[in-house]
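Engineer: let me see the structure of the following:
(one chain, ligands or ions: 1)
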Amino acid sequence: ANYDHDYRYQVASQYDFIIVGGGTAGSVMAERLAEVEGWRVLLLEAGGEQPPESYVPAFNTFLFQSDADWNFYTTPQTHSLRFFKNNAIPYPRGRTIGGSSSINSMIYVRGNRRDFDNWEALGNPGWNYDSVLKYFKKSEDYRGVYTTKTAKYHGKGGPLTVENKRWSTPVAKAFVKAGQQLGYPVVDPNGPEQIGFSMIDVTLRNGRRWSAADAYLRPASQARPNLHVVLNAHVTHILFDEKNAVGVRFEKEGKERSVLANREVVLSAGAVGSPHLLLLSGVGPAAHLYQHNIPVVEDVPGVGQNLQDHPVVGGLVWTVPRGSSFNTTLLANPKNVYNFIHNAEGPLTSPVGTEGNAWVPSAEGDPNWPELQLAMVSGTPAQDFGLLSVQVLGYKKEEYYDHFQDILGQEGFILAPLLTRALSRGDITLASSNPHHQPLINPNFLSHPDDVSALVRGIKLALKVGEAPALRVEHSAKYHSKPLRGCEHETAYTDAYWECFIRHLASSSYHTAGTCKMGPASDPLAVVDHRLRLRGVSGLRVVDASVMPLVVSGNTNAATIMIAEKAADLLKEDWGIPITSL
Ligand SMILES: Cc1cc2nc3c(=O)[nH]c(=O)nc-3n(C[C@H](O)[C@H](O)[C@H](O)COP(=O)(O)OP(=O)(O)OC[C@H]3O[C@@H](n4cnc5c(N)ncnc54)[C@H](O)[C@@H]3O)c2cc1C
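Structural biologist: Numbers count the residues shown, from 1 in each chain. The predicted structure is shown next:
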């Protein structure tokens with residue numbers, strides 16, 4: 001499934017549109033803009049080809065800290081990450097064609113209809129659920145099973161193939177049954193309502209990863225001569241003529257050069273990359289830019305602010321007898337390898353990590369708007385003796401071996417509560433004005449106390465699910481009850497103990513969003529307007545996960561694709577191109 005297109009031809013000096021970043025959103029934008037035959041479109045991507053191993057869904061965790069990852073770290077955290085080395089974590093972001101969709105876990109969840117209705121209510125006309133549903137459907141080629149109730153929510157024939165999971169562990173199936181035993185329905189979370197338990201749908205085609213680049217960019221680069229895709233091109237600055245964005249500067253193979261955009265620059269560098277590039281280019285909070293001697297093009301206080309993620313508690317472990325959950329020997333078993341290659345079936349088609357999700361509201365809140373996502377992860381950090389998990393997740397070695405020593409190598413699962421709408425806000429700021437230095441990524445997890453109490457409710461839910469007969473009786477699931485070092489001062493299993501546990505073990509689910517938020521002029525932190533045009537300057541839009549004013553209640557890739565599909569139509573409308581596709 002490798003690229004067969006030759007990207008090596010010369011970059012011209014001018015294009016109509018320049019797209020920065022060939023990730024999830026940039027891939028969509030490239031195809032949709034290049035559909036207009038008279039437009040010349042350049043896409044610049046810092047990374048290279050999508051790694052061949054990315055096509056094997058079960059190899060997803062091997063992509064962390066690979067060449068296809070920017071290899072970022074967060075800043076040390078004060079309210080969280082006490083179980084992690086330097087109180088910080090590795091913070092993966094895709095640096096390859098397809099961006100994070102080429103290294104992610106492939107889970108397809110759109111979010112809740114109330115997320116989008118809320119975006120509109122915040123002053124963003126056109127972003128309510130009914131308006132964005134059209135774009136979710138336009139992008140999708142759903143190949144899973146649907147019912148009469150869910151059919152009208154799915155798309156057919158769009159570029160992004162979505163499949164039901166082809167292979168599941170026994171404990172993942174038992175997780176869904178446990179939900180039923182607790183009185184929850186089994187749902188398609190992308191159907192009419194989200195509350196309930198489900199197995200994941202995945203962005204695969206015929207059992208192999210189907211990244212945004214596979215869906216949009218590769219076909220476009222082959223079929224559309226007016227689209228020019230350049231890899232290994234690191235954009236270092238957006239060029240302005242006063243307050244008008246006129247092009248970009250980029251580096252490729254050690255050489256710097258500039259290229260002009262006659263119409264617009266579209267920033268799709270992701271929720272870390274887009275605010276970083278704006279700050280480097282003089283668009284951001286003026287006081288912060290002065291600190292780094294960057295001339296201010298426009299004082300936009302919200303750039304890099306409002307960082308949101310879904311904090312996830314990853315340390316609630318149950319062990320099970322061998323054969324009920326996932327273990328890495330499944331990947332090396334020749335029968336499974338054969339089955340993957342020849343039949344597109346078996347464990348290699350299944351991303352390692354989350355297999356199922358539950359969506360649960362809070363007692364006081366909207367009963368249809370989940371407060372928590374509970375991920376069933378068929379694997380534990382203890383299972384690999386720390387060989388990969390310590391490195392990838394960033395645990396402190398001593399803490400890891402202290403907590404997991406009794407269950408090292410054993411099969412099991414974790415139930416991981418994610419907070420869907422955390423109140424804590426982090427930020428992206430400059431460490432320096434050198435574009436090669438990573439920005440400071442401060443997720444500021446758990447700085448708001450309500451986030452901790454919500455996650456305590458999540459832990460209680462997880463414990464109930466783990467104790468349901470489907471898991472405890474039918475699979476002999478046994479909770480790893482060892483009290484956590486560092487929390488011995490609290491009585492085990494009181495709320496205070498769980499709070500301590502959460503401040504140690506809650507971490508990122510890599511769903512970074514909100515750092516160039518969309519909002520009305522009255523919102524002091526709004527970076528782009530509802531047509532995703534940058535406030536205060538012309539010729540520049542941001543189109544990626546950073547424009548979400550509030551992160552969606554679910555994994556963020558599908559919503560990012562939707563944002564780009566819609567943004568392409570907004571842009572076309574602004575340039576007088578009739579919209580015929582919906
Ligand atoms: C490990 C991991 C697992 C995840 N799992 C899931 C999941 O299972 N399901 C889900 O829905 N979501 C998941 N996500 C989140 C999801 O993949 C992202 O929200 C989504 O891909 C974001 O899309 P984007 O277009 O905003 O950014 P990206 O896809 O990250 O794209 C940004 C692109 O811009 C490029 N770029 C950045 N800076 C520059 C520059 N200066 N010059 C040139 N190019 C540049 C990058 O290399 C990249 O290709 C996961 C994310 C990660 C990291």
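Engineer: only C-alpha atoms from now on, for both contacts and neighbour counts.
Structural biologist: Fine.
Engineer: so where's the stretch 101-250 of the chain shaky on pLDDT?
Structural biologist: Counting by pLDDT under 70, the stretch 101-250 of the chain has no low-confidence residues at all.
Engineer: contact residues of it facing the ligand?
Structural biologist: By C-alpha under 6 Å from any ligand atom, the part of the stretch 101-250 of the chain that sits against the ligand consists of 101, 103-109, 233-236.
Engineer: please repeat the previous calculation with a cut-off of 8 Å.
Structural biologist: 101-110, 202, 232-237, 250 (C-alpha under 8 Å from any ligand atom).
Engineer: pretty sure residue 65 is touching residue 93, no?
Structural biologist: No: the pair residue 65 / residue 93 is not scored as a contact, 9.3 Å apart, by C-alpha atoms under 8 Å.
Engineer: quick one: common contacting residues for these two?
Structural biologist: Common neighbours of residue 65 and residue 93, counting by C-alpha atoms under 8 Å, 6 or more residues apart in numbering, are residue 71.
Engineer: of these two, give the one with the bigger neighbour count.
Structural biologist: Using other C-alpha atoms under 10 Å, the more surrounded residue of residue 65 and residue 93 is residue 93, with 27 against 18.
Engineer: show me where the stretch 151-300 of the chain has helices.
Structural biologist: Taking DSSP state H, counting those that start in this stretch to define them, one finds helices in the stretch 151-300 of the chain at 170-181, 212, 218-223, 270-280, 286-291.
Engineer: and these as a markdown table, adding mean neighbour count and distance to residue 545?
Structural biologist: Shown next, in a markdown table, are those (neighbours: other C-alpha atoms under 10 Å; distance: least, C-alpha to C-alpha, whole Å):
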| stretch | mean neighbour count | distance to residue 545 |
| --- | --- | --- |
| helix 170-181 | 21 | 29 |
| helix 212 | 29 | 14 |
| helix 218-223 | 18 | 21 |
| helix 270-280 | 27 | 6 |
| helix 286-291 | 16 | 23 |
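Engineer: nearest to residue 513, of those helices?
Structural biologist: Each of the helices of the stretch 151-300 of the chain has some distance to residue 513 by C-alpha to C-alpha; the shortest is helix 270-280, at 5.5 Å.
Engineer: quick one: low-confidence parts of this structure?
Structural biologist: Applying pLDDT under 70 to the chain picks out residues 1-9, 581-582.
Engineer: per-domain residue ranges of it.
Structural biologist: 14-50+211-307+513-574, 166-199+312-421+446-507 (automatic domain parsing).
Engineer: which strands or helices does the lengthiest strand in the chain pack on?
Structural biologist: The longest strand of the chain (DSSP state E) is strand 255-267. With contacts taken as 3 or more C-alpha pairs under 8 Å, 6 or more residues apart in numbering; DSSP states H and E, strand 255-267 sits against strand 14-20, strand 244-252, strand 540-542.
Engineer: most tightly surrounded among the ones you listed?
Structural biologist: Comparing these by mean neighbour count (mean count of other C-alpha atoms under 10 Å), strand 540-542 ranks first with a mean of 28.
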